[in-house]
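> okay, predicted coordinates and the sequence, questions at the end:
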Amino acid sequence: MSDTTKQDVLPRPRPRSPGAGFVGSHLTDKLMMDGHEVTVVDNFFTGRKRNVEHWIGHENFELINHDVVEPLYIEVDQIYHLASPASPPNYMYNPIKTLKTNTIGTLNMLGLAKRVGARLLLASTSEVYGDPEVHPQSEEYWGHVNPIGPRACYDEGKRVAETMCYAYMKQEGVEVRVARIFNTFGSRMHMNDGRVVSNFILQALQGEPLTVYGSGSQTRAFQYVSDLVNGLVSLMNSNISSPVNLGNPEEHTILEFARLIKSLVVSRSQIQFLPEAQDDPQRRRPDIRKAKLMLGWEPVVPLEEGLNKTIQYFSRELEHQANNQYIPKPKPARMKKGRPRHTQGASDELNELVWAALRQKVILPEMAGLRLLTALSASGSAFSRNAASRGDGFERGGANAALAREFYTLTPDPRGAGQGRGTSRTGRPFRLLRGSKR
Ligand SMILES: O=C(O)[C@H]1O[C@H](OP(=O)(O)OP(=O)(O)OC[C@H]2O[C@@H](n3ccc(=O)[nH]c3=O)[C@H](O)[C@@H]2O)[C@H](O)[C@@H](O)[C@@H]1O
């Protein structure tokens, strides 16, 4: 599947999921924003604490360092079982571990679902179709998989995981949902992920050759991660127990894709042709009629928009790597009509999440609030608490200025204790509310 981590997210009422990886962390954001209690279970094989750090300290959030290959005893209502590396180099690195995670790990999660009466959603994959002889791939197609090839640990692991789901459904009455996830990309992919999107973007950003395996005539169809997350939640809460494809049907050859990324990055990188990968599927494109009809779901983020966001993300990752720190470097504020404008913070995905939380009156952990303050202070030289309370650093009268005033009246002063409202900086959550009188 498209998650690069081995983890599961369980919200309470009560989902659990591997939430510190690429897909899992985005899913965690959605579930938390929707007001669920979420327990993230991850062994941090490919997941990263950094991806969910903004929820640490929140009363609805719990992070457990655990490997699903071992049984787990917790109380949950829903299980998003995303555990497994999903990038070919990652899952081929330790095929036995990949097999154990997808087989023993899935048995353990189904056992948990049975014990506590939870519904389980399995993140399966387009790889169950192997190198398909039917195009596009609908859920009825049984696939064309080499059972002893280098991809088999993942492909066959996911196929048997699906088999286990339906055995538990038939024999034990466990409620299961199976999402067959097609190629997915977006922020929080690991720099060393090794999949084509991260490879091409990083190569283009660094002026290195874009490595096309084979002739580049093989095709893929890429969906942006937010579309996938909406599809997963919608499937979990539906009554469809048979497998459902989740992917974007817009198909491109890998060579076209390399050229597109080069042009979006405005990069002078060359294209370098390397030997073809063994058993590489030659054509892949989801038939999503079932998801459209039964879930009312289809991808809405255009490819270029998603890629531009991902390019921004990887640029920041490169900056982070160079600085060995997470907080973005201060940039001078842009001036407009003599006033500084908020620039950098608004483009940061996490800050967008914080703004969204403000609007929806979601309680945020202090970590996220402090991170926003840091980003805001980096965004304009005119930053100060007083300036912020007047809405400086934002366009006059803009919605962000109003939100900033509200934010600063309701959060602790990062410069010292005792000023402003809220809690101490020790990690206790604070509540952001609109319209509070001081
Ligand atoms: O991204 C995903 O969601 C999917 O990633 C992988 O499937 P694959 O399609 O092989 O993903 P990539 O490794 O990104 O490869 C896509 C194509 O690009 C090619 N590629 C990859 C990397 C590269 O540097 N250059 C390159 O030409 C590959 O040979 C392949 O034809 C996983 O096996 C799937 O389970 C997962 O759903």
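Nice, thanks for sending it over.
> for the protein, what spans make up the helices?
22-33, 88-93, 95-116, 152-172, 196-205, 225-236, 254-265, 289-295, 303-323, 344-347, 349-360, 366-379, 385-389, 399-410 (DSSP state H).
> stretch 232-242 and the ligand, any residue contact?
No: for stretch 232-242, no contact with the ligand is found by Cβ under 6 Å from any ligand atom; the gap never falls below 13.2 Å. The way it works is simple: take the backbone N, C-alpha and C, and place the C-beta from them, glycine included.
> quote the end-to-end distance of that stretch.
For stretch 232-242, the first and last residues are 14 Å from each other (Cα to Cα, to the nearest Å).
> mind listing what's buried along that stretch?
Applying a neighbour-count criterion of 16 or more other Cβ atoms under 10 Å, one finds 232, 233, 234, 235, 236 buried in stretch 232-242.
> shouldn't the last one be in contact with residue 118?
Okay, so that is residue 236. No: with contact defined as Cβ atoms under 8 Å, residue 236 and residue 118 do not form a contacting pair (10.8 Å).
> give me the common contacts of the two.
residue 78 (Cβ atoms under 8 Å, 6 or more residues apart in numbering).
> give me the contacts around stretch 192-210.
In contact with stretch 192-210 (Cβ under 8 Å, 6+ apart) are residues 4, 22, 87-90, 183, 185, 189-191, 211, 220, 222, 254, 257-258, 261-262, 265, 267-272, 307, 310-311, 314-315, 318.
> are any of those residues buried, and which?
Buried among these by 16+ other Cβ under 10 Å: 4, 22, 87-88, 90, 183, 185, 189-190, 220, 222, 254, 257-258, 261-262, 265, 267, 269, 307, 310-311, 314.
> those: which ones sit near the ligand?
Answer for those near the ligand (Cβ under 6 Å from any ligand atom): 88, 183, 220, 254.
> in JSON lines: those, plus pLDDT.
As requested, these are exported to JSON lines (pLDDT from 0 to 100):
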{"residue": "88", "pLDDT": "89"}
{"residue": "183", "pLDDT": "98"}
{"residue": "220", "pLDDT": "98"}
{"residue": "254", "pLDDT": "98"}
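> can you tell me the closest non-neighbouring residue to the residue of the stretch 201-350 of the chain found nearest the ligand?
Proximity of the stretch 201-350 of the chain to the ligand (Cβ to the nearest ligand atom) peaks at residue 213, 3.7 Å away. In space, and not counting its chain neighbours, residue 213 is closest to residue 277: 4.9 Å by Cβ to Cβ, 6 or more residues apart in numbering.
> residue contacts, that neighbour?
Counted by Cβ under 8 Å, 6+ apart, residue 277 has contacts 88, 213, 214.
> make CSV from those residues and add distance to residue 153 to it.
Shown next, in CSV, are the contacts of residue 277 (distance: Cβ to Cβ, whole Å):
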residue, distance to residue 153
88, 10
213, 19
214, 22
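> what is the nearest of those residues to residue 56?
residue 88 (31.2 Å; Cβ to Cβ).
> the closest residue in space to residue 356 that isn't next to it in sequence: neighbouring residues, count only.
In space, and not counting its chain neighbours, residue 356 is closest to residue 33: 6.8 Å by Cβ to Cβ, 6+ apart. By other Cβ atoms under 10 Å, 13 other residues sit near residue 33.
> can you get me a residue count around the nearest residue to residue 250 once chain neighbours are set aside?
Residue nearest to residue 250 in three dimensions, not counting chain neighbours: residue 221, with 5.6 Å by Cβ to Cβ, 6+ apart. As a burial measure, residue 221 scores 21 neighbours (other Cβ under 10 Å).
> ok, the one 5 residues further on next?
When neighbours are defined as other Cβ under 10 Å, residue 226 has 19 of them.
> and the one 3 residues further on, by the same measure?
Residue 229 is flanked by 23 other residues according to other Cβ under 10 Å.
> again, but for residue 58
21.
> try the one 3 residues further on
By other Cβ under 10 Å, the residues close to residue 61 number 23.
> and the residue nearest to residue 67 when sequence neighbours are not counted, how far from residue 311?
Leaving aside its sequence neighbours, residue 67 sits nearest to residue 43 (Cβ to Cβ, 6+ apart; 4.0 Å). Residue 43 is 30 Å from residue 311, where distance means Cβ to Cβ, to the nearest Å.
> could you do residue 209 as well?
17 Å.
> what is the neighbour count of the closest residue in space to residue 236 that isn't next to it in sequence?
Nearest non-adjacent residue to residue 236, counting by Cβ to Cβ, 6+ apart: residue 121, 4.8 Å away. By other Cβ under 10 Å, the residues close to residue 121 number 28.
> next: residue 285.
22.
> before we move on, the earlier item: pretty sure the residue nearest to residue 250 contacts residue 245?
No: contact criterion Cβ under 8 Å: residue 221 and residue 245 do not qualify, at 10.5 Å.
> so what sits against both of those two?
Shared contacts of residue 221 and residue 245, counting by Cβ under 8 Å, 6+ apart, come down to 182, 286.
> gap between the closest residue to residue 137 other than its chain neighbours and residue 194?
Once flanking residues are discounted, residue 137 sits nearest to residue 129: 4.6 Å by Cβ to Cβ, 6+ apart. The spacing between residue 129 and residue 194, counted by Cβ to Cβ, is 21 Å.
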